[in-house]
Each structure stands twice: as structure tokens, then as C-alpha cells.
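Engineer: heads up, no residue letters with this:
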């Protein structure tokens, strides 16, 4: 690396964090397809270039345990405090995208060769997946709950028992399916956007208080509202509405 491109101490700290995140993930994939968050990771071997990098960064302070090895640790500029409850649930999507593009540029496979290119491909995919997860409130909430052992995204049992909510959802479904023109759904669209905003606000408060039960309930509700939004955005006359619970 040329002297003009030498990273700052903060930059070195980030890349050391990212290096530990990626290599620990690679090691865990060899041991188990579904590693436990709390499982102790056994040492694994790396290439000579990786060992040199780790040696150069040996004096860098490791990330805090609350922020280590999560999607949040990949974006230290945008999410310096890490995941809730230490950091907020809300995310500045403009800042997140800016940092994402900077990282994707730095780890673009075409800028590397040999073994480093293969690692860059893996790192780029990791960054891309983390960005897609964190930029959307629903997938972000589902991811945070998965870190606590709750699979809200794929668990068919994760459904609301709020009968009023279910009644509202079915009524909205009928309105969407019965609309003759898309303009007839303008008010429904506005009300649904408000419901999404309210769920996000409640999720922000629940994660801040570390109230996981409330976060679970709101994540399920947000899934309903998000599904309705998708149905509204893809509306076609006579098209049936399939609401994924």
C-alpha cells in the first residue's frame, strides 16, 4: 500500500474489526451450519497475508462484546453504538448507503487477486447482505430478534392474536381486491403508511428498553403492514391479494 493510501488509525481499527468478523464467520461455517451466538470459536488457520494483517492490527482495541460479529459492526461510521439497546433501532439510510458504497468499493473483487480476491468476494457478499438487512425496518427488527433467539421471519407460529388487527387486515384485503381503479386506494395507502410508521416508533422504544416481548409483537404487526404495502404497490385490477402472515 502506498504512503498516500495508508489508512488512518480509525480506518485501521475498522478494518481490523471487519477482518475478525469475516474470519470468525469463515471458521464457524466449517464447524456448524447453525453456530450458536454464544459458542466459543476455536482458532482456525489463515493465509500468510491474513496472518500478517492480523499481526499488524494486533494492537487495535477489539470491538465491544455487544457490537462484535453482527451486521452493525460492519458500519462503524453510521452505527457507532452498535445494536440496540446500546444504539437506536432507527437507521439513517442515507448515511448507511454512503458507507455501504464506500465499503463495496474498497472490497470490490476486481481490486484484488489470488486468495485476496476470493476473500474480497466473500467480504463483499457479507457487506451486501448486512446492508440489505439493516436498511429495511422489518428485516432489521427480525434480525435483531434472531440475535436473541427468536426467528420471527420464518416461524409460522409467529402470528398476532390481536383480533382487531386481523379484522382490519382482512378489511383492507377486501378493499384492495375490490378496487376498480388504483386511485380508489389512495386513502388506504396513506393509512397503511401511518400504521408502518407507528409500528417502527413502537419498535424503536421497545428495543431501547430491551423489551423483547413487545418487540416481537410489533415485528409481527409490521410484517402485516409491510405485506399490505407490497400488495398496494403491485396492485392490478382483479388480482387476488395474498397476505403472508
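Structural biologist: Structure's in. What do you need? Note that this is a predicted model, so its numbers are computed, not measured.
Engineer: before we move on, what SS does the residue nearest to residue 209 when sequence neighbours are not counted have?
Structural biologist: Take residue 209 and drop its neighbours on the chain: the residue closest to it by Cβ to Cβ, 6 or more residues apart in numbering is residue 85, 7.1 Å away. To be clear about C-beta, it is placed using only N, CA and C from the backbone, and glycine gets the same treatment. Local secondary structure at residue 85 is given as coil here, using DSSP: H, G, I helix; E, B strand; the rest coil.
Engineer: residue 85 contacts residue 212, doesn't it?
Structural biologist: No: taking Cβ atoms under 8 Å as the contact criterion, residue 85 and residue 212 are not neighbours in contact, 10.1 Å apart.
Engineer: can you list the domains in the protein?
Structural biologist: Partitioning the chain according to automatic domain parsing yields domains covering residues 3-135, 163-233.
Engineer: gap between the two ends of stretch 201-218?
Structural biologist: Start and end residues of stretch 201-218 are separated by 10 Å (Cα to Cα, to the nearest Å).
Engineer: what's it in contact with?
Structural biologist: Stretch 201-218 is touched from outside by 84-85, 88-90, 137, 141, 144-145, 148, 150, 152, 158, 160, 199, 219, 222, with contacts defined as Cβ atoms under 8 Å, 6 or more residues apart in numbering.
Engineer: so which of those residues are in helices?
Structural biologist: The subset of the contacts of stretch 201-218 located in helices under the criterion DSSP state H comprises 137, 141, 144-145, 199, 219, 222.
Engineer: any idea how far residue 90 lies from residue 210?
Structural biologist: To residue 210, residue 90 is 16 Å away according to Cβ to Cβ, to the nearest Å.
Engineer: with neighbour numbers in mind, choose between the two.
Structural biologist: In this view residue 90 and residue 210 are compared by other Cβ atoms under 10 Å, and residue 90 has more residues nearby, 15 against 12.
Engineer: wait, residue 140 sits on residue 89?
Structural biologist: Yes: shown here, residue 140 and residue 89 form a contact pair, counting by Cβ under 8 Å, at 7.2 Å.
Engineer: which stretch in the domains of the chain has the least confidence?
Structural biologist: Set side by side, those give their lowest mean pLDDT on domain 3-135, at a mean of 66.
Engineer: who's in contact with the closest residue to residue 182 other than its chain neighbours?
Structural biologist: Spatial nearest neighbour of residue 182, chain neighbours left out: residue 235 (5.5 Å); criterion: Cβ to Cβ, 6+ apart. Neighbour list for residue 235: 176, 179, 182, 185 [criterion: Cβ under 8 Å, 6+ apart].
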